[in-house]
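[1] dropping a prediction and its sequence here:
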Amino acid sequence: MAGSGYSTVVDRLIAALGRLPGIGARSAERLAHHLLRCPTEEALELAEAIRATKEQVRHCQVCFHLTEVDQPVCTICRDPRRDPTTVCVVEQSRDLIAMEKAGAFHGVYHVLLGRLAPLAGMGPEQLTIEALAARVAAGTIRELIMATNPNLEGDGTALLIANRLGGSNVRITRLARGLASGSTLEFANRDMLADAMAGRHPF
């Protein structure tokens with residue numbers, strides 16, 4: 001940010017904040033000023049939380065949800081009260097959290113870590129589809145619920161998975177379209193998600 005009027009250190013902070021999703025140049029500048037004004041302990045607590053997250057958070061070895069390094073399998077996969085024969089397939093961990101808040105699902109999950117988006121460089125090999133196929137091949141899963149987002153890329157991802165696993169004996173269903181086309185699970189309310197889960201249909 002040459003010629004910005006700030007010091008090199010502040011320019012670096014603004015540039016780093018500006019790389020966060022949804023944060024434009026003005027917002028990054030405001031956040032930087034907040035961090036400069038707030039108590040040192042508050043700013044360092046944020047820095048420590050970021051550091052700890054990057055060092056200690058990993059993906060579950062089973063479902064790819066978020067977990068910590070000392071727990072290679074997440075709390076949901078470890079929970080004996082969950083039904084391991086029914087797997088809800090979501091794009092991201094934040095979608096899993098949205099489903100959990102709805103309280104309508106008591107099986108387990110599989111997180112794809114994205115969705116098909118060829119223009120953004122996201123192909124099948126960048127997703128955890130083969131790991132899902134391996135889980136299905138193990139023979140304990142009876143139903144896969146496709147809970148990818150109801151938009152073009154989410155539907156394409158679900159269709160790819162359905163085709164990939166079409167030869168298995170697993171029932172493949174899709175959330176009911178109580179979810180508006182083009183929306184995302186993250187912003188759906190709990191009643192909408194509960195109705196969509198209850199009204200799922202064959203894929």
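    Happy to help now that I have it.
[2] residue 16 versus the most centrally placed residue in the chain, what's the distance?
    Central residue of the chain (Cα atoms, centre = their mean): residue 92, 1.4 Å from the mean position. Distance of residue 92 to residue 16, computed by Cβ to Cβ, to the nearest Å: 23 Å. Every C-beta, even on glycine, is put in place using the N, C-alpha and C of the backbone.
[3] ok, residue 59 next?
    As judged by Cβ to Cβ, residue 59 and residue 16 stand 24 Å apart.
[4] which other residues reach the helix ranked longest in the chain?
    Longest helix in the chain, counting residues (DSSP state H): helix 40-56. Here helix 40-56 makes contact (Cβ atoms under 8 Å, 6 or more residues apart in numbering) with 35, 68, 69.
[5] could you do stretch 87-105 as well?
    65-66, 76, 107-115, 132, 135, 141, 143-149, 154, 157-158, 161, 184-186, 188, 190-191, 193-194, 197-198.
[6] from those residues, list just the buried residues.
    Burial by neighbour count, judged by 16 or more other Cβ atoms under 10 Å, picks out 65-66, 76, 107-115, 132, 135, 141, 144-149, 154, 157-158, 161, 184-185, 188, 193-194, 197 from the contacts of stretch 87-105.
[7] from these, which land in helices?
    Among these, the members falling in helices (DSSP H) are 76, 132, 135, 154, 157, 158, 161, 193, 194, 197.
[8] isn't the first one right next to residue 65, touching?
    Yes: distance between residue 76 and residue 65: 6.4 Å, which falls inside the contact criterion (Cβ atoms under 8 Å).
[9] shared neighbours, these two?
    Between them, residue 76 and residue 65 share the contacting residues 96, 109, judged by Cβ under 8 Å, 6+ apart.
[10] in terms of pLDDT, where does residue 176 sit?
    Reading off the confidence values, residue 176 has pLDDT 76.
[11] and the residue lying closest to it once chain neighbours are set aside, how many neighbours does it have?
    Spatial nearest neighbour of residue 176, excluding adjacent residues (Cβ to Cβ, 6 or more residues apart in numbering): residue 199 at 3.2 Å. Neighbourhood size, residue 199 [other Cβ atoms under 10 Å]: 11.
[12] part of a strand, is residue 173?
    Yes: Residue 173 forms part of a strand when assessed by DSSP: H, G, I helix; E, B strand; the rest coil.
[13] who does it form a beta bridge with?
    residue 145, residue 202 (DSSP bridges).
[14] surely it meets residue 145?
    Yes: under the criterion of Cβ under 8 Å, residue 173 makes contact with residue 145 at 5.3 Å.
[15] need the overlap of contacts for those two.
    With Cβ under 8 Å, 6+ apart, residue 173 and residue 145 have common neighbours residue 200.
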